[in-house]
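Colleague: What follows is a predicted protein model with its sequence.
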Amino acid sequence: MDEIDKVSGLPKILFDITALTKKEEIKIDIIRRRYTKIVTRISGITDTHVAEDLEKELKKKFGCGGTIKDGCIELQGNQKRRTKEFLIKKGYDETLIKE
């Protein structure tokens, strides 16, 4: 028997929202802020719920602070390489991740 999705109540085979959101072009940038502070910005994730969940996972995995500003995820420090590896493991297409 198929697993049932908790949100929709449909079998997970019929209703897989993760496949829809992972086809977006994602851009990872490094920004230098005041007092030589470095911030990693991840843009291109349009769904706010997915962005919030991803931001929480990234902060917990990397042990850093972060937030969502202007539709972009911002993480403290230079997390560019680690973020790309994490997104690929989560199922995002490597060709759609731009650095």
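Modeller: Yes, it's here.
Colleague: tell me the contacts of the residue nearest to Lys59 when sequence neighbours are not counted?
Modeller: Beyond its immediate neighbours in the sequence, the residue positioned closest to Lys59 (C-beta to C-beta, 6 or more residues apart in numbering) is Gly66, lying 4.8 Å away. For glycine as for every other residue, the C-beta is placed from the backbone atoms N, C-alpha and C. With contact set as C-beta atoms under 8 Å, 6 or more residues apart in numbering, Gly66 has these partners: 55, 58-59, 73-76.
Colleague: Might you specify the subset of those residues located within strands?
Modeller: Of the positions in the contacts of Gly66, 73-76 sit in strands, assigned by DSSP state E.
Colleague: Look through this protein and tell me its longest helix.
Modeller: Taking DSSP state H as the assignment, the helix of the chain that covers the most residues is helix 48-62.
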